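K.L.:
Task: produce atomic coordinates for the following.
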Amino acid sequence: MDSSPFPEVESSNSENSSVNTGGATASSSAAPSSGSATLSRYENQKRRDWNTFGQYLKNHRPPLSLSRCSGAHVLEFLRYLDQFGKTKVHTPICPFYGHPNPPAPCPCPLRQAWGSLDALIGRLRAAYEENGGKPETNPFGARAVRLYLRDVRDLQSKARGISYEKKKRKRPPQQQPSAASPSPPGEG
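P.N.:
This is a model prediction of the structure:
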């Protein structure tokens, strides 16, 4: 694309990655819910992502109002963000397709990581409702967006040979209660 007025996107394979507004300070129309002057990292990121999406709508041709925004426009935004991605996604014809750590460079495209997109949509979905949108009209929760994210996850997991199955949390080893432990008072 041409030189775009949209912000850069920071990305990695972690879900903490997100849209970077390039340090521009934009005032948020939503007051912090906690009432404190300092917002959490999540709240700050959600505000920046919301402002970035608002800027995307303003720069859209023709400009779009939030009330006319649909799941299709959200998909357009996600595809736009791919140009700033840093995750190599191998094509099926690439010799490294399905290899998590390719031994040599290849011409496959860089894309936004699935985890980054999933986290971004979660923040935008919450921001939409916090800014007066109704849950039933939330374009970030549209079926098309959910299907797109699932397809991106499946495509990236196959292309990179990485499973996105949820990992079971390892529990610390339980200590066996001592056989000689005294019984609580009042019992016996």
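
K.L.:
Scan the helices and strands of the protein for the one with the lowest mean pLDDT.
P.N.:
Every helix and strand of the chain was ranked by mean pLDDT, DSSP states H and E. The lowest is strand 87-88, at a mean of 86.

K.L.:
For this protein, which segments count as strands?
P.N.:
Remark: strands assigned in the chain by DSSP state E are 87-88, 110-111.

K.L.:
want to try JSON lines for those, with distance to P95 as columns?
P.N.:
No exception for glycine: its C-beta is placed from N, CA and C like everyone else's. What follows is these, written out as JSON lines (distance: least, Cβ to Cβ, whole Å):
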{"stretch": "strand 87-88", "distance to P95": "13"}
{"stretch": "strand 110-111", "distance to P95": "18"}
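
K.L.:
about what we covered before: may I have the strands that pair with the least confident helix or strand of the chain, each with its orientation?
P.N.:
strand 110-111 (antiparallel) (DSSP bridges).

K.L.:
Can you give the contact residues for the strand it pairs with?
P.N.:
For strand 110-111, contacts defined as Cβ atoms under 8 Å, 6 or more residues apart in numbering pick out D82, G85, K86, T87, K88, V89, V152, Q156.

K.L.:
if you set the cut-off to 10 Å instead, what comes out?
P.N.:
11, 79, 81-89, 117, 152, 155-156, 159 (Cβ atoms under 10 Å, 6 or more residues apart in numbering).

K.L.:
And for stretch 130-146?
P.N.:
With Cβ under 10 Å, 6+ apart, stretch 130-146 has contacts from 28-31, 33, 43, 46-47, 50, 53-54, 66-75, 77-78, 117, 120-129, 148.
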